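Trainee: Structure of the sequence below:
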Amino acid sequence: MGERCGWAGPEQIYLDYHDTEWGVPDYDSRALWEKLILDGFQAGLSWITILKKREGFRQAFQGFDPNVIAEWGEAEVTRLLADPGIIRHRGKIEATITNARAWQRIEAQQGFSTFLWDYVGGTPIQNRWSSMSQVPASTEISAQISKDLKKAGFKFCGPTIVYAFMQAVGMVNDHLIGCPCHEPVARLSRQ
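Mentor: Residues are numbered from 1 along each chain as shown. Next up is the predicted model:
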(Lines give C-alpha, C1' and ligand atoms only; values in the text may rest on other atoms or scores of the structure.)
Protein backbone atom coordinates (compact mmCIF):
# COMPACT_ATOMS: atom_id res chain seq x y z
CA MET A 1 0.00 0.00 0.00
CA GLY A 2 1.34 3.42 -0.94
CA GLU A 3 1.51 6.57 1.09
CA ARG A 4 -1.32 9.05 1.45
CA CYS A 5 -1.20 12.33 -0.45
CA GLY A 6 1.46 14.56 1.12
CA TRP A 7 -0.95 17.24 2.34
CA ALA A 8 -2.91 14.85 4.60
CA GLY A 9 -2.02 14.71 8.26
CA PRO A 10 -0.57 14.38 10.72
CA GLU A 11 -3.71 15.06 12.77
CA GLN A 12 -6.38 12.34 12.77
CA ILE A 13 -9.15 14.74 11.69
CA TYR A 14 -7.07 15.52 8.58
CA LEU A 15 -6.30 11.84 7.88
CA ASP A 16 -9.98 10.90 8.24
CA TYR A 17 -11.01 13.71 5.88
CA HIS A 18 -8.45 12.57 3.28
CA ASP A 19 -9.35 8.88 3.61
CA THR A 20 -13.15 9.09 3.63
CA GLU A 21 -14.31 12.37 2.12
CA TRP A 22 -11.80 14.21 -0.09
CA GLY A 23 -12.27 13.33 -3.74
CA VAL A 24 -15.44 11.29 -3.22
CA PRO A 25 -18.00 12.42 -5.84
CA ASP A 26 -20.79 14.44 -4.23
CA TYR A 27 -23.93 15.28 -6.20
CA ASP A 28 -26.05 16.81 -3.44
CA SER A 29 -26.79 20.49 -4.20
CA ARG A 30 -26.88 21.60 -0.56
CA ALA A 31 -23.73 19.68 0.39
CA LEU A 32 -21.91 21.11 -2.64
CA TRP A 33 -22.93 24.61 -1.57
CA GLU A 34 -21.67 24.00 1.98
CA LYS A 35 -18.30 22.81 0.70
CA LEU A 36 -17.96 25.78 -1.64
CA ILE A 37 -18.72 28.15 1.26
CA LEU A 38 -16.18 26.42 3.50
CA ASP A 39 -13.56 26.62 0.75
CA GLY A 40 -14.29 30.35 0.55
CA PHE A 41 -13.80 30.70 4.30
CA GLN A 42 -10.50 28.81 3.96
CA ALA A 43 -9.00 31.48 1.67
CA GLY A 44 -5.84 32.73 3.36
CA LEU A 45 -5.98 30.01 6.04
CA SER A 46 -5.10 26.33 6.30
CA TRP A 47 -7.74 23.67 5.60
CA ILE A 48 -7.12 22.10 9.02
CA THR A 49 -8.40 25.34 10.59
CA ILE A 50 -11.69 24.91 8.70
CA LEU A 51 -11.93 21.18 9.47
CA LYS A 52 -11.56 21.84 13.19
CA LYS A 53 -14.31 24.48 13.05
CA ARG A 54 -16.62 22.68 10.60
CA GLU A 55 -19.12 21.59 13.25
CA GLY A 56 -19.12 25.12 14.67
CA PHE A 57 -19.83 26.44 11.17
CA ARG A 58 -22.67 23.94 10.72
CA GLN A 59 -24.27 25.07 13.99
CA ALA A 60 -23.76 28.78 13.37
CA PHE A 61 -25.08 28.55 9.79
CA GLN A 62 -28.08 26.34 10.67
CA GLY A 63 -26.87 23.24 8.86
CA PHE A 64 -25.84 25.32 5.84
CA ASP A 65 -29.41 25.53 4.60
CA PRO A 66 -29.14 28.15 1.84
CA ASN A 67 -32.90 28.75 1.94
CA VAL A 68 -32.61 29.84 5.59
CA ILE A 69 -29.39 31.83 5.14
CA ALA A 70 -30.76 33.69 2.10
CA GLU A 71 -33.20 35.44 4.45
CA TRP A 72 -30.51 36.67 6.83
CA GLY A 73 -29.42 40.26 7.33
CA GLU A 74 -27.31 42.46 9.61
CA ALA A 75 -28.59 40.90 12.86
CA GLU A 76 -27.28 37.48 11.82
CA VAL A 77 -24.00 38.98 10.58
CA THR A 78 -23.52 40.62 14.00
CA ARG A 79 -24.33 37.33 15.78
CA LEU A 80 -21.85 35.42 13.61
CA LEU A 81 -19.09 37.99 14.10
CA ALA A 82 -19.31 37.21 17.83
CA ASP A 83 -19.22 33.40 17.39
CA PRO A 84 -15.80 31.93 18.29
CA GLY A 85 -16.81 28.62 16.69
CA ILE A 86 -16.30 30.01 13.17
CA ILE A 87 -13.91 32.24 11.23
CA ARG A 88 -15.16 35.72 12.10
CA HIS A 89 -14.64 37.61 8.85
CA ARG A 90 -17.36 40.10 7.91
CA GLY A 91 -16.71 39.88 4.17
CA LYS A 92 -16.90 36.08 4.13
CA ILE A 93 -20.01 36.02 6.34
CA GLU A 94 -21.78 38.58 4.13
CA ALA A 95 -20.66 36.65 1.04
CA THR A 96 -22.27 33.51 2.49
CA ILE A 97 -25.64 35.27 2.61
CA THR A 98 -25.16 36.63 -0.92
CA ASN A 99 -24.09 33.17 -2.11
CA ALA A 100 -27.19 31.59 -0.57
CA ARG A 101 -29.34 33.87 -2.71
CA ALA A 102 -27.27 33.07 -5.80
CA TRP A 103 -27.56 29.34 -4.98
CA GLN A 104 -31.37 29.70 -4.84
CA ARG A 105 -31.45 31.19 -8.34
CA ILE A 106 -29.24 28.47 -9.83
CA GLU A 107 -31.07 25.73 -7.92
CA ALA A 108 -34.43 26.97 -9.25
CA GLN A 109 -33.15 27.25 -12.84
CA GLN A 110 -31.33 23.94 -13.26
CA GLY A 111 -30.16 22.62 -9.92
CA PHE A 112 -26.84 23.63 -8.38
CA SER A 113 -25.44 20.10 -8.69
CA THR A 114 -26.31 19.93 -12.39
CA PHE A 115 -24.87 23.41 -12.95
CA LEU A 116 -21.51 22.32 -11.48
CA TRP A 117 -21.26 18.75 -12.75
CA ASP A 118 -22.07 19.78 -16.32
CA TYR A 119 -18.59 21.35 -16.50
CA VAL A 120 -17.06 17.86 -16.32
CA GLY A 121 -19.80 16.07 -18.25
CA GLY A 122 -21.25 14.61 -15.03
CA THR A 123 -18.19 12.39 -14.54
CA PRO A 124 -15.10 13.09 -12.43
CA ILE A 125 -11.87 13.90 -14.23
CA GLN A 126 -9.34 11.17 -13.42
CA ASN A 127 -5.90 12.69 -12.99
CA ARG A 128 -2.83 10.51 -12.57
CA TRP A 129 -0.36 12.66 -10.68
CA SER A 130 2.67 10.95 -9.13
CA SER A 131 3.80 13.92 -7.02
CA MET A 132 2.21 16.91 -5.34
CA SER A 133 4.29 19.25 -7.52
CA GLN A 134 2.28 18.12 -10.57
CA VAL A 135 -1.11 19.05 -9.07
CA PRO A 136 -2.27 22.43 -10.41
CA ALA A 137 -3.63 25.22 -8.20
CA SER A 138 -6.29 25.98 -10.82
CA THR A 139 -7.30 24.87 -14.30
CA GLU A 140 -9.19 26.27 -17.30
CA ILE A 141 -12.32 24.53 -16.00
CA SER A 142 -11.99 26.00 -12.49
CA ALA A 143 -11.44 29.43 -14.06
CA GLN A 144 -14.61 29.05 -16.14
CA ILE A 145 -16.67 27.84 -13.17
CA SER A 146 -15.33 30.75 -11.10
CA LYS A 147 -16.25 33.23 -13.83
CA ASP A 148 -19.75 31.77 -14.19
CA LEU A 149 -20.35 31.63 -10.43
CA LYS A 150 -19.34 35.29 -10.12
CA LYS A 151 -21.64 36.16 -13.01
CA ALA A 152 -24.43 34.40 -11.08
CA GLY A 153 -23.67 36.56 -8.00
CA PHE A 154 -21.25 34.40 -5.99
CA LYS A 155 -18.31 35.83 -4.05
CA PHE A 156 -15.14 34.22 -2.65
CA CYS A 157 -15.00 31.75 -5.52
CA GLY A 158 -11.82 32.47 -7.47
CA PRO A 159 -10.23 29.82 -9.72
CA THR A 160 -7.98 28.47 -6.95
CA ILE A 161 -10.85 28.20 -4.43
CA VAL A 162 -12.99 26.53 -7.11
CA TYR A 163 -10.24 24.03 -7.94
CA ALA A 164 -9.80 23.10 -4.26
CA PHE A 165 -13.58 22.68 -4.15
CA MET A 166 -13.55 20.49 -7.29
CA GLN A 167 -10.93 18.26 -5.64
CA ALA A 168 -12.89 18.05 -2.39
CA VAL A 169 -16.22 17.11 -4.01
CA GLY A 170 -14.73 14.63 -6.45
CA MET A 171 -15.20 16.57 -9.68
CA VAL A 172 -11.51 15.71 -10.14
CA ASN A 173 -9.64 12.79 -8.62
CA ASP A 174 -6.37 14.37 -7.50
CA HIS A 175 -5.31 11.61 -5.11
CA LEU A 176 -1.77 10.76 -6.18
CA ILE A 177 -1.49 7.45 -8.04
CA GLY A 178 0.57 6.02 -5.18
CA CYS A 179 -2.08 6.96 -2.61
CA PRO A 180 -4.26 4.08 -1.36
CA CYS A 181 -7.34 6.27 -1.97
CA HIS A 182 -6.69 6.90 -5.69
CA GLU A 183 -8.15 3.67 -7.07
CA PRO A 184 -11.16 3.41 -4.69
CA VAL A 185 -12.12 7.01 -5.59
CA ALA A 186 -11.61 6.25 -9.30
CA ARG A 187 -13.94 3.24 -8.96
CA LEU A 188 -16.64 5.49 -7.44
CA SER A 189 -16.68 7.57 -10.61
CA ARG A 190 -17.33 4.49 -12.73
CA GLN A 191 -20.46 3.49 -10.81
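Trainee: Just to check, I37 is in contact with T96?
Mentor: Yes: look at I37 against T96 with C-beta atoms under 8 Å: they come within range, at 5.4 Å. Where C-beta positions appear, they are placed from N, C-alpha and C, glycine not excepted.
Trainee: Now the common contact residues for those two.
Mentor: Both I37 and T96 are in contact with F61, where contact means C-beta atoms under 8 Å, 6 or more residues apart in numbering.
Trainee: Neighbour count: these two, which is higher?
Mentor: T96 (28 against 25; other C-beta atoms under 10 Å).
Trainee: Spit out the contact partners of the more buried one.
Mentor: T96 makes contact with I37, G40, F61, I69 under the criterion C-beta under 8 Å, 6+ apart.
Trainee: Just say helix, strand or coil for T123.
Mentor: coil (DSSP: H, G, I helix; E, B strand; the rest coil).
Trainee: so how far is the first residue of stretch 168-183 from its last?
Mentor: Taking C-alpha to C-alpha, to the nearest Å, stretch 168-183 runs 16 Å from one end to the other.
Trainee: Stretch 131-146 too?
Mentor: Stretch 131-146 has an end-to-end distance of 26 Å (criterion: C-alpha to C-alpha).
Trainee: ok, which stretches of this protein are helices?
Mentor: In the chain, the segments counted as helices under DSSP state H are 12-20, 29-42, 47-60, 66-69, 74-81, 90-109, 112-117, 140-151, 159-168, 182-189.
Trainee: okay, those in JSON lines with distance to G2 and mean pLDDT next?
Mentor: Putting the helices of the chain into JSON lines (distance: least, C-beta to C-beta, whole Å; pLDDT from 0 to 100) gives the following:
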{"stretch": "helix 12-20", "distance to G2": "13", "mean pLDDT": "96"}
{"stretch": "helix 29-42", "distance to G2": "26", "mean pLDDT": "97"}
{"stretch": "helix 47-60", "distance to G2": "22", "mean pLDDT": "96"}
{"stretch": "helix 66-69", "distance to G2": "38", "mean pLDDT": "98"}
{"stretch": "helix 74-81", "distance to G2": "41", "mean pLDDT": "98"}
{"stretch": "helix 90-109", "distance to G2": "36", "mean pLDDT": "98"}
{"stretch": "helix 112-117", "distance to G2": "29", "mean pLDDT": "98"}
{"stretch": "helix 140-151", "distance to G2": "26", "mean pLDDT": "98"}
{"stretch": "helix 159-168", "distance to G2": "18", "mean pLDDT": "98"}
{"stretch": "helix 182-189", "distance to G2": "8", "mean pLDDT": "93"}
